[in-house]
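Peer 1: From the sequence below, what's the structure:
(one chain, ligands or ions: 1)
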Amino acid sequence: MASEQRPSESYFARVFADPWACPRCGCRDWRVANTYHTKTDSAIHRRRICRHCHHVRITVERFTDAEGFE
Ligand SMILES: [Zn+2]
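Peer 2: Predicted coordinates for the structure are as follows:
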């Protein structure tokens with residue numbers, strides 16, 4: 001019943017094989033639709049939409065050189 005909303009195993013297999021490829025159509029043509037900050041992890045989140053099939057994914061961006069320093 002609850003499995004309708006869950007991505008299939010093949011979905012995860014494709015994302016794992018190439019995280020930047022669209023899991024639905026296989027392209028890498030992402031368009032940034034929205035950029036926002038969250039206070040919980042102080043990272044930049046970008047909502048990306050596939051130009052071809054309009055699949056939506058979100059990327060998280062942060063400064064890695066800031067970790068471990070005061
Ligand atoms: Zn796509």
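Peer 1: which residue ranges form the helices in this structure?
Peer 2: In the chain, the segments counted as helices under DSSP state H are 9-17.
Peer 1: Around the ion, which positions in it sit nearby?
Peer 2: Near the ion, the residues belonging to the chain are 22, 24-25, 50, 52-53, 55 when assessed by C-beta under 5 Å from the ion. From N, CA and C alone the C-beta is placed, and that goes for glycine too.
Peer 1: tally of neighbours for residue 51?
Peer 2: Counted by other C-beta atoms under 10 Å, the residues lying close to residue 51 total 14.
Peer 1: same thing with residue 23?
Peer 2: Residues near residue 23, counting by other C-beta under 10 Å: 21.
Peer 1: How about residue 46?
Peer 2: The number of residues packed around residue 46, counting by other C-beta under 10 Å, is 15.
Peer 1: bridging residues for it?
Peer 2: According to DSSP bridges, the partner residues bridging residue 46 are residue 35, residue 59.
Peer 1: who's in contact with it?
Peer 2: 32, 34-35, 58-59, 61 (C-beta atoms under 8 Å, 6 or more residues apart in numbering).
Peer 1: Put together JSON lines for those, with neighbour count and pLDDT on each row.
Peer 2: Shown next, in JSON lines, are the contacts of residue 46 (neighbours: other C-beta atoms under 10 Å; pLDDT from 0 to 100):
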{"residue": "32", "neighbour count": "10", "pLDDT": "97"}
{"residue": "34", "neighbour count": "11", "pLDDT": "95"}
{"residue": "35", "neighbour count": "12", "pLDDT": "96"}
{"residue": "58", "neighbour count": "11", "pLDDT": "94"}
{"residue": "59", "neighbour count": "15", "pLDDT": "93"}
{"residue": "61", "neighbour count": "9", "pLDDT": "91"}
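Peer 1: For residue 11, which residues are in contact?
Peer 2: For residue 11, the contacting residues are residue 23, taking C-beta under 8 Å, 6+ apart as the criterion.
Peer 1: ok, which stretches of this structure are strands?
Peer 2: Here the chain has its strands, by DSSP state E, at 30-37, 44-50, 56-61.
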